[in-house]
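> One predicted model, sequence on top.
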Amino acid sequence: MVEGGTLAKVRNIGIMAHIDAGKTTTTERILFYTGRSHKMGEVHDGTAVMDWMEQEQERGITITSAATTCFWREHRINIIDTPGHVDFTVEVERCLRVLDGVVGVFCAVGGVEPQSETVWRQADHYHIPRLAFVNKMDRIGADFERVVEEIETRLGACPVPVTLPSGSEDSFSGVVDLIEQKLLVFDEQTQGETVHVLDIPEALRNKSSAARSHLLEKLADFDEGIMGKYLEEQDISPDEIRRALRKATCSLKLVPVLCGSAFKNKGVQLLLDAVTDYLPSPLDVPPVEGIDGQGGTVTRQADSGEPFCALVFKLQSDPFVGTLAFIRVYSGELKVGSRVFNPRKQKKEKVSKLIKLHANKREEVASISAGDIGAAVGLKFATTGDTLCMEGDSIVLESMDFPEPVISIAIEAKTKADEDKLAESLNKIACEDPTFRVSRNEDTGQQLISGMGELHLEIIVDRLVREFKVAANVGTPQVAYKEAVTRSAEGEGRFFQTQGVGKEQYGHVVLRFEPTERGSGVNFENKINEELIPALYLKAIEKGIRDSLDSGPLIGYPLTDLKVQLVGGSYDEEHSTEMAFGVAAALACRKVAAEAGAVLLEPVMAVEVITPDEYLGEVINDLNRKHAQIEAVEAARNLQVVKANVPLAQMFGYSTALRSATQGRASFTMQFEAFAEVSSRQAEVIIHKIRGV
């Protein structure tokens, strides 16, 4: 239980980065130095504590975010280790939503890589203070200054080094602490636990003196006390520097940058010190805001005495206890056995157990207080993004927006006996993962699963076999297309029915479709007054419209990027019902969509290929064959970086083809960019293929 003054010594932080920058290795060292683990786990041999899933251990990557708690200098640090692969960006997104601070890990060789930019933008969206840790300083090609420069130019941040490397590559021996003005050397015999504090050697003195002056100059811009002393050339104590740096970091003005090598056990203790010194506690972040039952704004302070309020940021199936709901408690206190209210679902639920997590290990607790992170057992209706509060209260916190899936595969149970088990398992995974969808193709009768990329779906199929023990046949990947309209159109839908019991139902609507810009989604507007159709039927009409738009006129893909206006209609005081208006709206939608000139949209991916110079021509030619739009070609460290937008349909199996063409020396990253219109000729081919004619 976290109370009063001790709340100031709580840090809720995430570790985020591009894949293979060393996030999980850094977290493993943190657990070792804080005494949470007694043996260092390694990603490369599958023993990392935080990568506990079999799929993570085999591939050497993080797939699901793992939570743990450790203690350093009398501070409680709740850590979430997030994935770096773009297919699992949603894991980062939902964790950032509930964190107070973030450590961005950067490879000293790779610098700011594509996924680094993605997660940094996500942290910008949630206004989260950050530290940067330049890892792998022992690697050939490590360049601390270049990474700091890239953090400024590519991420738009204001980085200030607080440590400097002593040497680099094979000669990397320790770090210079610019605040204490000392050299720290980490004893290899004790796995870095013993730290030797030495005077800064002559060879590094000028460089460290210039870096310290730069740090003080930056701080002088944000702190008048430091400015006065700096201008008068007075001594500024380490504590004064830390106070000013904490203030600037928490207000998102500066990003302290540290360096080290997690794998070689160098520099991690200073990173832990920086987490406690510079990142905010729950008391340092603004009170959380929500909407009350009347639609007004309400705030909650991080205080156990306030009414209880928490956000469910992740669900996870557990074979022993059922579903774990990961929660961040913003105010009040949640106790075992409490009844909670979910205002979004309008459901009451009972909390049967409360758990603190250490990767996949569990520790039952009696309560979770304001400012803390844990998991609740027993919630049947809660989904990711839901708010929990006490009965009689009603506050809804800002939820999360998740991207639409871009790739699908057909799946079916191998035997009749496995069908129910497959359906149940897919439902469990869909509850856990908001970017995973299960649907059925009405034309072919196939069951489809959709996700964010090939690896995403590969992991899900793997989990079905291992975790859920379901045998399934899987088809080849299919692109998740969408449809859009190209012109305005208008039409009506009228529903009139006499039921067997004699009750008549009546609904009549006139709808107008108008195309809107790409990425705008579906917007509904009511353009009529209550005399034509009373307001109580509007929700049913909108629901009928949205349900109908899930299947477009071309080949049944969802319609998007349009404005639907209710421009006319009529009602019967005696016979009109919500159901009748919902059906009338669906009938009108089908008519108007057929006349509005539907076109096919396909997902286009932002692809970045990093290749040695000698393969550049081959890489560009291959991308051109894939109908790519080359955006830029940049030289970087004896390599060429090709940036292009490529239709997803052309990218299946690209990793194998690229490895083959470049003798395994090139690599690429890919993430969803936008939906774009397919040419009429190509659309014809796709439609014929999908319809099977």
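Looks like it came in fine. Residues are numbered from 1 along each chain as shown.
> residue boundaries of the helices in the stretch 401-550 of the chain?
Applying DSSP state H, counting those that start in this stretch to the stretch 401-550 of the chain gives helices spanning 419-432, 454-466, 538-548.
> Just tell me which of those ends up closest to residue 401.
Among the helices of the stretch 401-550 of the chain, helix 538-548 comes nearest to residue 401, with 16.4 Å by Cβ to Cβ. Heads up, the C-betas are built off the backbone N, CA and C, glycines and all.
> right, and the helix or strand after the closest one?
The helix or strand immediately downstream of helix 538-548 is strand 562-570, counting by DSSP states H and E.
> What strands line up against that next one, and which way round?
Applying DSSP bridges, strand 562-570 is found paired with strand 504-515 (antiparallel), strand 522-526 (parallel).
> Buried deepest among these, which one?
strand 504-515 (a mean of 22; mean count of other Cβ atoms under 10 Å).
> and residue 608, what is it in contact with?
When contacts are counted by Cβ atoms under 8 Å, 6 or more residues apart in numbering, residue 608 touches 114, 641, 642, 643, 644, 668, 669, 670.
> Pull out the buried positions in stretch 639-659.
639-651, 654, 658 (16 or more other Cβ atoms under 10 Å).
> Go through the residues you listed and name the one nearest residue 94.
residue 648 (23.6 Å).
> quick one: secondary structure of residue 608?
With DSSP: H, G, I helix; E, B strand; the rest coil as the basis, residue 608 sits in strand.
> Go ahead and confirm residue 35 touches residue 70.
Yes - using Cβ atoms under 8 Å, residue 35 makes contact with residue 70 at a distance of 7.5 Å.
> what ranges do the helices span in the stretch 551-693 of the chain?
Taking DSSP H, counting those that start in this stretch as the criterion, the stretch 551-693 of the chain contains helices spanning 578-595, 616-625, 654-661, 680-691.
> And those, which one averages the lowest pLDDT?
Among these, helix 654-661 has the lowest mean pLDDT, at a mean of 80.
> Could you tell me the angle between it and helix 454-466?
For helix 654-661 against helix 454-466, the angle by axes from the mean of the first three to the mean of the last three Cα atoms, to 10 degrees is 110 degrees.
> got a list of what residue 532 touches?
Residue 532 sits next to 568, 569, 570, 571 when contact means Cβ under 8 Å, 6+ apart.
> how deep is the third one tucked in, by neighbour count?
Taking other Cβ atoms under 10 Å as the neighbour definition, residue 570 ends up with a count of 16.
> how much space between residue 541 and residue 596?
18 Å (Cβ to Cβ, to the nearest Å).
> hmm, I was thinking of residue 114
Distance, residue 114 to residue 596, by Cβ to Cβ: 37 Å.
> Same drill for those two, tell me which one is more crowded.
Legend: neighbour count by other Cβ under 10 Å for residue 114 and residue 596, higher for residue 596 (24 against 20).
> doesn't residue 487 make contact with that one?
Yes - when contacts are counted by Cβ under 8 Å, residue 596 is listed as touching residue 487 (5.9 Å).
> what sits in contact with each of these two?
With Cβ under 8 Å, 6+ apart as the test, residue 596 and residue 487 both reach residue 515.
> quick one: contacts for residue 300?
287, 288, 290, 306, 307, 309, 330, 331, 332, 395.
> One more: residue 487?
By Cβ under 8 Å, 6+ apart, the residues touching residue 487 are 515, 596, 597.
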